[in-house]
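# I'd like to go over a predicted model; first the sequence, then the structure.
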Amino acid sequence: MSLSKARKDYLEGLCQRLRQDLIKLLYSIQTGHPGGSLSSTEIMTTLYFEKLRVDPKNPKDPNRDRFILGKGHAAPMLYQILSERGFFPQDDLATLRQLDSHLQGHPCAKKTCGVELSTGPLGLGLPAGLGMAMAARLDNKDFRTYVLMGDGELQEGIVWEAAMSAAKFGADNLLVIVDNNGVQLDGTVAEIMPMGDIAAKWQAFGWNVISIDGHCVEAVSDAIDLAATVKGKPTVIVAKTVKGKGVSFMEGNSAWHGKPISKDEYVNAMKELGVNV
Ligand SMILES: Cc1ncc(C[n+]2csc(CCOP(=O)(O)OP(=O)(O)O)c2C)c(N)n1
Ligand SMILES: [Mg+2]
């Protein structure tokens, strides 16, 4: 069902606040990954606040939907969303990346309530997600498995082994979303290892493909609904995004994959996000 105007406004407002909170948090800890967190804000927010059947009061419910952050470096945004959703106290966010914190630089399923898979090494998310989707089928459960991947992450060979297998097994309870921002750690995807036509690649591997604007919450919501109606094959949503979205000097700039934010940069970024500090 399409998003109501009220839900659209709510999600957009939440995304804006999450961006502000992210910059504030990463400035305060002087480390972390802003670029990939900002490019996946609408995708993860729409999933957690509109689509995923998860319950922070019963986080291990066997019937819950599974979300895997393949691009584990976007952990700061995932943590903000999990705490906003009630999986752990918001005060914990200030401990991000500290020794002994349950909020490590990359997601740890053993430490953090709501994290389904420990990630960081790129490429792990899809094979593990396929395993979860196949387990759902074996156990006669109707939960869905969602895997969010980076476009640079697609360069990992294991991704395409899993893609082939998912098509062979007709894993229609599995949905991949590619955060297609065109940038990776130290350059553009085109410079480092060109991926060509990403949608055509998935299609050639036997997947149903939906291409959208990944910063439009309605488009994200509609695509997730449409994917759920497709039977007999897995679906991938190729979401066009901008790395560093919302902060002009971070947008499309691989330097902001991960680096400390200076005082001046913090003030300017917050101003662009509508906050005077
Ligand atoms: C197997 C592996 N190789 C290299 C890295 C180092 N690394 C971390 S993030 C990154 C770039 C990822 O780019 P992309 O998937 O496009 O993520 P996004 O642009 O969404 O941040 C790299 C190379 C890693 N984490 N894992
Ligand atoms: Mg990228």
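Here it is on my side, so go on. Quick caveat: nothing in here was measured; it's all calculated off a predicted structure. Residues are numbered from 1 along each chain as shown. Ligands and ions are numbered 1, 2, ... in the order given.
# in the stretch 151-277 of the chain, which residue sits nearest ligand 1?
At 2.7 Å from ligand 1, residue 152 is the closest residue in the stretch 151-277 of the chain, using Cβ to the nearest ligand atom. Placement of C-beta: from N, CA and C, glycine included.
# quick check, that residue in contact with residue 194.
No: contact status for residue 152 versus residue 194: not in contact, 11.2 Å apart, counting by Cβ atoms under 8 Å.
# these two - which one has more neighbours?
The residue with more neighbours, out of residue 152 and residue 194, is residue 152; 26 against 9, by other Cβ atoms under 10 Å.
# quick one, what contacts the more buried one?
122, 183-185, 189, 192-193 (Cβ atoms under 8 Å, 6 or more residues apart in numbering).
# show me which of those residues is closest to residue 161.
residue 122 (14.1 Å; Cβ to Cβ).
# hang on, isn't residue 93 packed against residue 103?
Yes: in this structure, residue 93 is within contact of residue 103 by Cβ under 8 Å, at 6.9 Å.
# find residues that contact each of the two.
Joint contacts of residue 93 and residue 103 (Cβ under 8 Å, 6+ apart) are residue 79.
# which ones are touching the closest residue to residue 190 other than its chain neighbours?
Sequence neighbours aside, residue 182 is the residue nearest to residue 190 in space, at 7.1 Å (criterion: Cβ to Cβ, 6 or more residues apart in numbering). Residues near residue 182 by Cβ under 8 Å, 6+ apart: 151, 188-190, 243, 252.
# swap in residue 111?
102-104.
# need those in TSV (columns: pLDDT).
Shown next, in TSV, are those (pLDDT from 0 to 100):
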residue	pLDDT
102	98
103	98
104	97
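# between those, which is closest to ligand 1?
residue 104 (13.5 Å).
# sec struct for that closest one, please.
Here residue 104 is recorded as coil under DSSP: H, G, I helix; E, B strand; the rest coil.
# need phi/psi at it.
phi -80, psi 170 (degrees, to the nearest 10).
# how near is it to residue 43?
22 Å (Cβ to Cβ, to the nearest Å).
# more neighbours, those two?
residue 43 (27 against 21).
# which stretch of helix or strand covers residue 186?
Taking DSSP states H and E as the definition, one finds residue 186 inside no helix or strand.
# and it, how many neighbours does it have?
11.
# make 22 the first number, not 1, from now on.
Done: numbering now begins at 22, and the last item shifts to residue 207.
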